[in-house]
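K.L.:
Sequence first, predicted model second:
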Amino acid sequence: MKILLKINGTMERYFPATEYQLSLEKEATLADLYEELANVAGAEISPAVWNHKKNRPRGPVIMRSEAGVLKDENHPLQEGQILEFKRFLVGG
Amino acid sequence: MISLNLHDHYGKWLGMEENRYSRQLHCTTNFSQATLSGATVLIAGMGGLGCNASMSLTAAGIGTLILCDHDTISISNLNRQLLYRETDIGKKKVIVALDQLQKLNGDPDFIVVDGRFNERLLPSSANPQLILDCLDNLPGRIELIAYAVKNNIPLIHAAVDGFMGQLSVFIPQESACPICSLAGDMEGADLPIPSLGACVAVMAGLQATEAIKFFTNSGELCINKFMFFDGLSGRIDTIDLERGHNCIACSR
């Protein structure tokens, strides 16, 4: 399936691109998406926001879909889904 | 040439007498200055958000403001922390803020808490009805939400980073807290954060607006929603939030 991942807000400064068209297996989950993102963007993502050992975001993030916020890594994704990847802000 | 005194014209039309609060009394049909004057708000963090939000709430005539911060004023604070001056560098933020806010409006009462937010630091006379989360770090924000849950006190969260901002209103036992939405590691939130005074003022203004809406029962609060402000595109966007059953902040 195809998933469009948009890199939004303050996250943009840590990624080499602002969106990725990711190809995943049918019934793929959020965990699979993280793995594929690591394959595609690899070492170009800043370690400030990406744990390269775990292939997971480093620090708090919000993964938004049309259906709401995705938090559970086992959450199944759907063909054609558009996701937005934002960093949770903490500054005051 | 016809001369028209606009205050006389519109003030009489609205039945207002001119006083400090007369221009805000008819913002909504529910608006009650007496309710605001009886309200108590805890402002946790007197940095950029806290300075701006406290100025708005002081000017609006909130009855009691509890100001909490541990820090001293440094030169790098002055681009966004508008209560402080160059001559205040090295002084305690809460002491200078108290002085400036009292000059802004003599009506509110103030309680100063000099330290990192901790429930034990609050004097017994401090009974906040609402908390403004103006902190600048994730662990502190999580602790503050836990305090809000324990004491059943609504909390208005805001945060900033450069041109971006976010806001959400949390009602304990009823709604999702801001932390409920998070994925990823909770560690690693310690990046240096760019902070722009104008954007901080926008988010603090929205925070103070939600506070006044809360007390005057006006409009619709940003509950179970996350509001994102993108100053680069000029967009405000909201997403729906759901309560997390194992939230590290509000499920403890």
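P.N.:
Ah, there it is.

K.L.:
so who does B:Ser32 touch?
P.N.:
B:Thr216 (C-beta atoms under 8 Å, 6 or more residues apart in numbering or on different chains). Heads up, the C-betas are built off the backbone N, CA and C, glycines and all.

K.L.:
From chain A, how far out is it?
P.N.:
For B:Ser32, the distance to chain A (C-beta to the nearest C-beta, to the nearest Å) stands at 30 Å.

K.L.:
Look up phi and psi at that residue.
P.N.:
Dihedral angles of B:Ser32 (phi, psi; degrees, to the nearest 10) stand at phi -130, psi 110.

K.L.:
likewise the one 10 residues further on?
P.N.:
In this entry, B:Leu42 is assigned phi and psi values of phi -90, psi 120 (degrees, to the nearest 10).

K.L.:
For burial, what's the neighbour tally of it?
P.N.:
Under the neighbour criterion other C-beta atoms under 10 Å in any protein chain shown, B:Leu42 is assigned a count of 27.

K.L.:
doesn't B:Asp133 make contact with it?
P.N.:
No: in this structure B:Leu42 lies outside contact range of B:Asp133 using C-beta atoms under 8 Å: 9.5 Å.

K.L.:
So what touches the lowest-mean-pLDDT helix or strand in chain A?
P.N.:
Among the helices and strands of chain A, strand A:68-70 carries the lowest confidence by mean pLDDT, DSSP states H and E, at a mean of 86. Contacts with strand A:68-70, where a contact means C-beta under 8 Å, 6+ apart, come from A:30, A:62-64, A:83, B:181, B:183, B:226, B:239-242.

K.L.:
need the next SSE after it, C-terminal direction.
P.N.:
Next along the chain after strand A:68-70, taking DSSP states H and E as the criterion, comes strand A:82-87.

K.L.:
Can you list the buried residues in that next one?
P.N.:
A:83-87 (16 or more other C-beta atoms under 10 Å in any protein chain shown).

K.L.:
Of the residues you listed, which are in range of chain B?
P.N.:
A:86-87 (C-beta under 8 Å from any C-beta of the partner chain).
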